[in-house]
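Chemist: just need the structure, nothing else, for what follows:
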Amino acid sequence: MNSVERIVADPRYRDLVTRRRRFAGVLSALILLVYFGFIGVVAFDKPLLGASLSGGATSVGIPVGLGIILFAILLTALYVRRANTDYDAALAVLRAEHGA
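Modeler: Okay, the predicted model is just below:
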């Protein structure tokens, strides 16, 4: 059995993969909820997003759209931070123990 097969067979690796998938699934569900919520508002309540902010030329939809973009960036940063600290460290330990 080579080192990759030993790592894949290690229960800690399977746990790591499960935790990573669960976290990625939660983040994916959050962004999909926000995005489709926005699309739902566009479809069913256009006047809400079209309303003017303080009587100016900017509508409510502009900051909401920007907020969705910033939310996506935040979720990406959260995943990268967790991957770089938790997941990579745990995988490095497994690699060292199994000689990979």
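
Chemist: residue nearest the middle of this structure, spatially speaking?
Modeler: L27 (3.6 Å; C-alpha atoms, centre = their mean).

Chemist: that one: which element?
Modeler: helix 11-44 (DSSP states H and E).

Chemist: now do that helix: which elements does it pack against?
Modeler: With contacts taken as 3 or more C-beta pairs under 8 Å, 6 or more residues apart in numbering; DSSP states H and E, helix 11-44 sits against helix 46-50, helix 61-82, helix 88-98. Placement of C-beta: from N, CA and C, glycine included.

Chemist: picking that back up, double-check the residue nearest to the centre of the chain against L75; I have them as touching.
Modeler: Yes. Contact criterion C-beta atoms under 8 Å: L27 and L75 qualify, at 4.9 Å.

Chemist: check what pLDDT the residue nearest to the centre of the chain gets.
Modeler: For L27, the pLDDT comes out at 97.

Chemist: and for L53?
Modeler: So L53 comes in at 86 (pLDDT).

Chemist: what's the spacing between it and N2?
Modeler: Counting by C-beta to C-beta, to the nearest Å, the gap from L53 to N2 is 61 Å.

Chemist: list the contacts for V64?
Modeler: For V64, the contacting residues are F38, L49, by C-beta atoms under 8 Å, 6 or more residues apart in numbering.

Chemist: do the same with the one 5 residues further on
Modeler: The neighbourhood of I69, defined by C-beta under 8 Å, 6+ apart, contains no residues.

Chemist: distance check, it against L75.
Modeler: Applying C-beta to C-beta to I69 and L75 gives a distance of 11 Å.

Chemist: likewise for L49?
Modeler: Applying C-beta to C-beta, the value for L49 to L75 is 22 Å.
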